[in-house]
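**Q** Give me the fold of what follows.
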Amino acid sequence: MRFVEKLLSASRKNHSLVCVGLDTDVGKIPQYLIKEEDPIFAFNQKIIDSTSDLVCAYKPNIAFYEAHGPKGWDALKKTCEYIPKEIPIILDAKRGDIGNTARMYAKAYFEGLKVDAVTVSPYMGKDALLPFLEYEDKCALVLCLTSNEGAKDFQLSITDGKPLYEIVAEKVLSWNEKKNCGLVVGATYPDQLKRIREIAPLLPFLIPGIGAQAGEIESTVRFGTDKSGELAIINVSRAILYASSGEDFAQVAKNETLRLRETINLYRQK
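**A** Next up is the predicted model:
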């Protein structure tokens, strides 16, 4: 099953555009879990159990696992294996290197971890992304306009009369021969999000910036979805993961995910 098919299947089954980012910080998880043999996986397991019927995808950020060395990688692998098979896994790695190096990254993530999509950087050009695009059933989610403040340093700059993010979106469309490309577009830039959706009406968008970064939900849904109100993967991490620091954290995370799903769906219907 191709990535978009798997995404749409999960989204429709769970009536959801919510992606939970599994950016698990040991310093923020409930302290009673620290005594577990693998605290990161123990935390992730409970989050997944409480939210898997409410999401369209999960997105672990690789940095939160790599920081712990072999134990962290093991926790990431177990997390990926634990996520229900019908729910897409997006690995947030932001890779983009010369072809031979990229080939090894792609092999590690798509074959080793068996994730469904990886975030990648377009800065080094098409040849750095080709190894990811060789996996026809997977997806390369290309950084187009990110949600952080520093996006203004380069991504909003004008080149040949166009903002760089428009050039990236157009390039990705030209690279999408195998229908396995998508874009990362931050919710913190709603006008630009609308323009990028006009350029790429059929691509899946991973949209960070809701929650802790204060992106606005209504504009994100209106401008980020396709004509059917789909193909938007609206990611929230901290606002769900750490909604409670007590033993009730999984239930509170479920409640927050449900609230977010219902709010998003309200705007999808307008």
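
**Q** where do the helices sit along the chain?
**A** With DSSP state H as the criterion, the chain has helices at 3-14, 39-51, 63-66, 69-82, 99-106, 126-133, 151-154, 164-175, 190-199, 217-224, 238-241, 249-268.

**Q** lowest-confidence stretch among those helices?
**A** If you rank the helices of the chain by mean pLDDT, helix 151-154 sits at the bottom with a mean of 84.

**Q** What residues of that one count as buried?
**A** For helix 151-154, a neighbour-count test (16 or more other CB atoms under 10 Å) marks A151 as buried. Yep, even glycine has a C-beta here, placed from its N, CA and C like the rest.

**Q** Tell me how far it lies from the chain's centre.
**A** Distance of helix 151-154 from the chain centroid (CA atoms, centre = their mean, to the nearest Å) equals 20 Å.

**Q** what does it contact?
**A** Residues from elsewhere that reach helix 151-154, judged by CB atoms under 8 Å, 6 or more residues apart in numbering: L145, L164, G186, Y189.

**Q** how does it look with 7 Å?
**A** Contact with helix 151-154 is made by L145, L164, G186, as judged by CB atoms under 7 Å, 6 or more residues apart in numbering.

**Q** got the helices of the chain as JSON lines, with distance to P30 columns?
**A** Output for the helices of the chain, formatted as JSON lines (distance: least, CB to CB, whole Å):
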{"stretch": "helix 3-14", "distance to P30": "26"}
{"stretch": "helix 39-51", "distance to P30": "8"}
{"stretch": "helix 63-66", "distance to P30": "16"}
{"stretch": "helix 69-82", "distance to P30": "16"}
{"stretch": "helix 99-106", "distance to P30": "33"}
{"stretch": "helix 126-133", "distance to P30": "36"}
{"stretch": "helix 151-154", "distance to P30": "33"}
{"stretch": "helix 164-175", "distance to P30": "39"}
{"stretch": "helix 190-199", "distance to P30": "35"}
{"stretch": "helix 217-224", "distance to P30": "27"}
{"stretch": "helix 238-241", "distance to P30": "11"}
{"stretch": "helix 249-268", "distance to P30": "5"}
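
**Q** The ones you listed: which one's closest to K28?
**A** helix 238-241 (7.5 Å; CB to CB).

**Q** Using PDB, write out the CA atom coordinates for the closest one.
**A** Provided in PDB are the C-alpha atoms of helix 238-241 (Å, rounded to 0.1, in the frame of the first residue of the first chain):
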ATOM      1  CA  ARG A 238       4.100  18.600  23.500                       C
ATOM      2  CA  ALA A 239       0.600  19.800  23.900                       C
ATOM      3  CA  ILE A 240      -0.600  16.200  23.900                       C
ATOM      4  CA  LEU A 241       2.300  14.300  25.400                       C
END
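
**Q** Which other helices and strands does it contact?
**A** Packing partners of helix 238-241 (3 or more CB pairs under 7 Å, 6 or more residues apart in numbering; DSSP states H and E): helix 249-268.

**Q** can you pull the buried residues of the helix it packs on?
**A** 249-250, 252-258, 260-261, 264, 267-268.

**Q** go on, stretch 95-107?
**A** R95, G96, D97, A102, Y105, A106.

**Q** Please produce CSV containing these, extended by distance to Y242.
**A** Output for the buried residues of stretch 95-107, formatted as CSV (distance: CB to CB, whole Å):
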residue, distance to Y242
R95, 27
G96, 30
D97, 32
A102, 33
Y105, 29
A106, 32
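
**Q** what's the farthest-apart pair in those residues?
**A** Within the buried residues of stretch 95-107, G96 and A106 form the most distant pair, 11.4 Å apart (CB to CB).

**Q** quick one on the thing from earlier: just tell me which of the helices of the chain ends up closest to V118.
**A** helix 126-133 (6.2 Å).

**Q** Which of the residues in that closest one are classified as buried?
**A** Going by 16+ other CB under 10 Å, helix 126-133 has these buried residues: A128, L129, P131, F132, L133.

**Q** so what's the third one up against?
**A** Counting by CB under 7 Å, 6+ apart, P131 touches G99, A102, R103, A106.

**Q** how far away is the last one from C80?
**A** In other words, A106. If you measure A106 against C80 using CB to CB, to the nearest Å, the figure is 15 Å.
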